[in-house]
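Chemist: sequence unknown, structure follows:
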């Protein structure tokens, strides 16, 4: 007879999922929509993750030198908790799954999820298992990653009732340096948008200035023009008349993550061309209505999905 339990935690840039989807985190805009990740094949120790992209624990990184600015995600804490019983054993109890990001003694983001563990095996020579998986992002903001320091992802399961389903703390540490200032400009500038040279600049809803570097698509435009094309991309014209298109755009959908987007409002083609600094979910992206009447988003960060 035997009862076994543990966890598989990592700090990562992103996740490759068993359903073929890639969930990007490093250098994406805050709280971007995340497609349905938790499905497909799975394993006891790694859940639905097929592989981790850019494992970061026990490393040191310079943020500004890597293009990280306020309003961008930096990393994700991903953990799979697992319990296994063998040879006629059983494990029935309630626990609380805890996941925190800390800076020194400061806990700046945390999550707690109740979990019911109920596993039993029919007899000798058999085994059964159960797992839970959690993910929590952190980014460059005044109340998250904001100074040069060591940062820690703390994961554990606390006992609530029944058999002991607790799993001790695991602390994964790394150092982030070259952290740029997270100071905000005056709210009176929020919503300002302009073309500077060949780049599109704007003051987002969080009152940070973001800069989008576009793909060159032609010449002969009117300098300073900003418009939405028939493929639902934002375009702008640089000071020399060269035309640039945003590197990515995403038709809003209902996200897997609770602090991200809801369903597409789709107000209709009568609103095509409307453009604004979005006050939903991340507050760091541009939102607009494409010629099909749907809501699209784009931003200065990396394309969040593939």
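Modeler: Yep, it's here. Since the model is a prediction, treat every value here as computed from it, not as a measurement. Numbering: from 1, shown residues only.
Chemist: state the pLDDT value of residue 42.
Modeler: What the model reports as pLDDT for residue 42 is 94.
Chemist: where does the prediction get shaky in the stretch 1-150 of the chain?
Modeler: 1 (pLDDT under 70).
Chemist: go with 80
Modeler: Filtered on pLDDT under 80, the stretch 1-150 of the chain yields the residue ranges 1, 122.
Chemist: which one in the chain is furthest away from the centre?
Modeler: Distance from the centre of the chain peaks at residue 124, with 43.6 Å (C-alpha atoms, centre = their mean).
Chemist: quick one: that one is in a strand?
Modeler: No: with DSSP: H, G, I helix; E, B strand; the rest coil as the criterion, residue 124 is coil rather than part of a strand.
Chemist: domains of the chain?
Modeler: Domain ranges of the chain: 2-177, 187-298, per automatic domain parsing.
Chemist: and residue 304, which of the ones you listed is closest to it?
Modeler: domain 2-177 (3.7 Å; C-beta to C-beta). (Glycine included, C-beta is placed from N, CA and C.)
Chemist: what is the neighbour count of residue 130?
Modeler: Neighbours of residue 130 under the rule other C-beta atoms under 10 Å: 18.
Chemist: check contacts around it.
Modeler: 82-83, 117-119 (C-beta atoms under 8 Å, 6 or more residues apart in numbering).
Chemist: would you give the sheet partners of whatever helix or strand it lives in, along with the direction of each?
Modeler: Per DSSP states H and E, residue 130 falls inside strand 127-139. Strand pairing for strand 127-139, using DSSP bridges, gives strand 73-86 (antiparallel).
Chemist: so how far is the strand it pairs with off the chain centroid?
Modeler: Offset of strand 73-86 from its chain centre (C-alpha atoms, centre = their mean, to the nearest Å): 16 Å.
Chemist: and the first helix or strand past that strand going along the chain, what's buried?
Modeler: Remark: after strand 73-86, the chain's next helix or strand is strand 90-103, criterion DSSP H and E. Across strand 90-103, burial judged by 16 or more other C-beta atoms under 10 Å covers 91, 93-95, 97-103.
Chemist: what packs against strand 90-103?
Modeler: strand 73-86, strand 106-120, strand 127-139, strand 149-162 (3 or more C-beta pairs under 8 Å, 6 or more residues apart in numbering; DSSP states H and E).
Chemist: strands paired with the last one, and their directions?
Modeler: Each strand that pairs with strand 149-162, with its direction, by DSSP bridges: strand 90-103 (antiparallel), strand 167-177 (antiparallel).
Chemist: and the longest one, by the same measure?
Modeler: Here the strand partners of strand 106-120, with direction, are listed using DSSP bridges: strand 90-103 (antiparallel).
Chemist: same question for stretch 256-266, mean pLDDT?
Modeler: Mean predicted lDDT for stretch 256-266 stands at 89.
Chemist: buried ones in that stretch?
Modeler: Those would be 256-257, 260-261, for stretch 256-266 by 16+ other C-beta under 10 Å.
Chemist: what's the answer for stretch 139-157, then?
Modeler: Neighbour-count burial for stretch 139-157 flags 139-141, 144-146, 151-157 (criterion: 16+ other C-beta under 10 Å).
Chemist: tell me the one of those residues nearest residue 65?
Modeler: residue 140 (13.2 Å).
Chemist: now do the contacts for the closest one.
Modeler: 63, 68-72, 74, 146, 179-180, 182.
Chemist: just the buried residues of these.
Modeler: Buried, going by 16+ other C-beta under 10 Å: 63, 68-72, 74, 146, 179, 182, out of the contacts of residue 140.
Chemist: beta partners for residue 29?
Modeler: residue 72.
Chemist: that one touches residue 284, doesn't it?
Modeler: Yes: using C-beta atoms under 8 Å, residue 29 is in contact with residue 284, at 4.8 Å.
Chemist: now for these two: what residues contact both?
Modeler: 71-72, 299-301.
Chemist: any chance of those residues in TSV, plus distance to residue 17?
Modeler: TSV is the format used below for the shared contacts of residue 29 and residue 284 (distance: C-beta to C-beta, whole Å):
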residue	distance to residue 17
71	25
72	22
299	23
300	25
301	20
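Chemist: show me which pair in the residues you listed is furthest apart.
Modeler: Longest span within the shared contacts of residue 29 and residue 284, C-beta to C-beta: 72 and 299, 9.1 Å.
Chemist: residues shared between the contacts of those two?
Modeler: Common neighbours of residue 72 and residue 299 (C-beta under 8 Å, 6+ apart) are 29, 284.
Chemist: doesn't residue 34 belong to a strand?
Modeler: No: assigned with three-state DSSP, residue 34 falls outside any strand and is coil.
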